[in-house]
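Sequence and predicted structure below; questions after.
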Amino acid sequence: MGLYDLIKDLKAVDVLVDVPSCYVDDPLAIALDILAAKRSPRRIVIIDRERKVRGVITSLRILEILLGFRGSVMVKLRGLTKVLREKVILFSDEAPYTMVRDTPLISVIKHMGENSIPMIPIVDDLGTYMGVIDETRVLKLLKGRTFGEEVSIAIEAVFPSVFMRDTALKAAEAMIKEVKGKAVVLNDKNLPAGVVTAKDILKLPLVTEEIIELLRTDVEVGFADILGKVGVTKVMSSPAIIAREGEDIGRAIDTMIDSDVGLLPIVSEKEGRFTGVLTRMSVIRAIVREHINPLG
Amino acid sequence: MDITRRIEDYIGIVDRDEIEYIKELAENVKGARVLHINSTKKGGGVAEILRSVVPLANSLGLKVRWEVISGDREFFEVTKSFHNALQGNKVLKLGGDMIRKYLETNEINAGKIDTDADVIVIHDPQPAALISYKNKGSSKWIWRCHIDLSDPNEQFWSFLRGFVTMYDAAIFSHGIYVPRDLRGIKIYISHPSIDPLTDKNKPLSQTEIERTISKYGIDPEKPLVGQVARFDPWKDHQSVVRVYKALRQKVENLQLVLLGSFADDDPEGERIYKEVLKETEGLSDVYVINEHNDFLVNAIQRSMVFAFQLSIREGFGLTVSEALWKYTPVIGRRAGGIPLQVIDGVTGYLVNNIEEAYEKALMLTKKPWLARMLGANGHQHVKRNFLITRDLRDYLRIHIDLVAR
């Protein structure tokens, strides 16, 4: 069945997924707890008691707060302990973009790809939150196909990277600087040795234990100091799962889904060098541009 | 400025919960002194948003001021070049005289405007250099960029970037507008918005609509299509006229309206307006109106079968949301924020060229039920995502992030 035939009759409600959410008045520490859990997504939806969508918070945003890049005046004056007990909504990302349940799926995917929107909360006709359509869900729909296009159509050449000798702090800072939730870890030959995500850093036992201790004792700690003492190799996933130049983009999608990774470094075997990355979003953008938009 | 505007006025338009939620956010920055600075009091989306956001934020307990920089015609010609170059005109060159004029005008304004505030929001490139006169202190300076910087003229951008990187944060209307080389400052994304209570967007009776458009010769009984956009080279009025010329061969009595106006800082407007007049000379049922009249925009957008927004480049293209809010679907190009507002096949159609625009336009004129359905979807889409209450919420979040104690 062709791609268009597969998705043309589906509506948003047919494919939405339930991701963990938290309430607007939950403490920030709850969001951190959810995001640091194994197999949880890297962003969660914040809803009010009427289940209206009020915000989204990502693991990168939490990392920014822990390191003082966000809410810095509040952290400085009140201390991180009190900030972790503040309402999560105060720190949420920009207002999420919502669509109604009956929106044709093809329109949702085009909209995500054309506007680089990684996740769209789906609501019913009264605006009540039902679930989301995110990049992973879209890629799962595209899995198992050959597109006849090489991965190069979706490559992102500029992406945060650090070296194996660097610390987790340096990786976190690189991600924050580039506003990306992932970074490639390179070996001394400039080839990908692993991938580190904001979530990997939040999951670090030192971080989670320190947060529990912080909430228990109210004794302030400096997360920059903690992360500055941890090598990035301790937190990265390795070996890096890569895509090769010349590979069909469909195969790269399969790899992303089967390995549950959101980023594939691309290596040119001919030149023996790292040339860029594929992200879930860059793949969706390319598929929309090359395969869905031309269908009209 | 409507100084009586209060957040409670929006009950019934948005949920009461939403209003309560905004009030709760505002509690965290109550008393914060916020200063907005831009380059025009009227004309253009920025002034419109500020006319609503400023009194609304004040009604929530913040202390918000709005100042406008002054400059002569030469300054605004220079900043118009900035605008065009930053949105992608690679031919323009940044000369020494332009730099001198720009810096000199910013310096004069820095001497006139009292910047004693907790948060200072500078809108767009015109006053961006005011950051050079930042006092030592705890004020947070935000650069609010309303234009698309994804593919700028490098010469202009590298000059401006020197100022932008001095800010504490920048707000862009769309994630894809952020220049790749802008790093080291906080970046926020906030879509602009429309105010459903202004003359431009408030509900009108059918009698008011018909009376208003009739004054301009438009026949309320005949189908009407058109584009509401200021006279600017990027809006591509010519393509609209070409599509219309083809359409009128197939649709009897079809009328076209091109409504625009010039902003104070837009010296190019007159030239474009004259070009459009020439292009439509001798065509019956075509109305080219140069007037800053919000009530007229409202009446026209409510009268159209569908609206065009065939801009080649856009800051955001809020006229799309304005039309959608009035249940009028939009046929738009993939430029700026248009694809965010037009969900292809749901709230209108996205087109790549005038042939596609013609095809979709013909379909909507032949199938009014389809136009009504897309228009209804469009209204809901704007209600959820592009109303002023959402914009206000974003500002409150950003203020909380930067200065909440």
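Sure thing, it's come through.

what about the helices in the stretch 101-250 of chain A?
Ranges of helices in the stretch 101-250 of chain A, per DSSP state H, counting those that start in this stretch, are A:105-115, A:135-142, A:168-178, A:198-203, A:205-217, A:223-228, A:249-259.

Worst mean pLDDT among those?
For the helices of the stretch 101-250 of chain A, mean pLDDT drops lowest on helix A:205-217, to a mean of 71.

Output the helices of the stretch 101-250 of chain A in a markdown table, with mean neighbour count and distance to chain B appended to each entry.
Bear in mind the C-beta positions are built from the backbone N, C-alpha and C, glycine included. Conversion of these to a markdown table gives the following (neighbours: other CB atoms under 10 Å in any protein chain shown; distance: least, CB to the nearest CB, whole Å):
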| stretch | mean neighbour count | distance to chain B |
| --- | --- | --- |
| helix A:105-115 | 22 | 5 |
| helix A:135-142 | 20 | 14 |
| helix A:168-178 | 22 | 5 |
| helix A:198-203 | 23 | 16 |
| helix A:205-217 | 14 | 20 |
| helix A:223-228 | 16 | 17 |
| helix A:249-259 | 19 | 21 |
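
what would the ones you listed look like in TSV with distance to B:Met363?
TSV is the format used below for those (distance: least, CB to CB, whole Å):
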stretch	distance to B:Met363
helix A:105-115	16
helix A:135-142	28
helix A:168-178	43
helix A:198-203	46
helix A:205-217	56
helix A:223-228	57
helix A:249-259	33
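
Just the pLDDT for B:Gly337.
91.

and B:Gly226, how far is that from B:Thr347?
According to CB to CB, to the nearest Å, B:Gly226 stands 18 Å off from B:Thr347.

no no, A:Val45
Counting by CB to CB, the gap between A:Val45 and B:Thr347 amounts to 23 Å.

Settle it for me: which of the two has more neighbours?
B:Thr347 (27 against 24; other CB atoms under 10 Å in any protein chain shown).

Give the full set of residues in contact with A:Glu135.
For A:Glu135, the contacting residues are A:Met112, A:Pro118, A:Met119, A:Gly262, A:Arg280, A:Met281, A:Ile284, by CB atoms under 8 Å, 6 or more residues apart in numbering or on different chains.

in these, which two residues are the furthest apart from each other?
Farthest-apart pair in those is A:Met112 and A:Gly262; separation 14.5 Å (CB to CB).

how about the residues of chain B that lie near chain A?
With CB under 8 Å from any CB of the partner chain as the criterion, chain B meets chain A at residues B:15, B:17-18, B:21, B:25, B:28, B:174-176, B:178, B:180, B:183-184, B:186-190, B:334, B:339-340, B:343-346, B:350, B:380-381, B:384-385, B:390, B:393-394, B:397, B:400-405.

residue ranges of the helices in chain B, please?
For chain B, applying DSSP state H gives helices covering B:16-27, B:45-59, B:73-86, B:96-112, B:154-164, B:206-214, B:237-247, B:269-279, B:294-303, B:318-325, B:338-341, B:354-366, B:368-385, B:388-403.

so what secondary structure elements neighbour the longest one?
Contacts defined by 3 or more CB pairs under 8 Å, 6 or more residues apart in numbering or on different chains; DSSP states H and E place helix B:368-385 against strand B:306-309, helix B:318-325, helix B:354-366.

Same question for the last one.
Here helix B:388-403 is seen to pack against helix A:72-78, helix B:16-27, helix B:45-59, strand B:119-123, strand B:140-145, strand B:169-172, strand B:186-189 when contacts are counted using 3+ CB pairs under 8 Å, 6+ apart.

mind exporting the fourth one as PDB, just the C-alpha atoms?
Included here for strand B:119-123 are C-alpha records, laid out as PDB according to Å, rounded to 0.1, in the frame of the first residue of the first chain:
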ATOM      1  CA  VAL B 119      12.000  44.200  31.600                       C
ATOM      2  CA  ILE B 120      12.600  46.100  28.400                       C
ATOM      3  CA  VAL B 121      11.200  44.600  25.300                       C
ATOM      4  CA  ILE B 122      12.600  46.100  22.100                       C
ATOM      5  CA  HIS B 123      10.600  45.300  19.000                       C
END
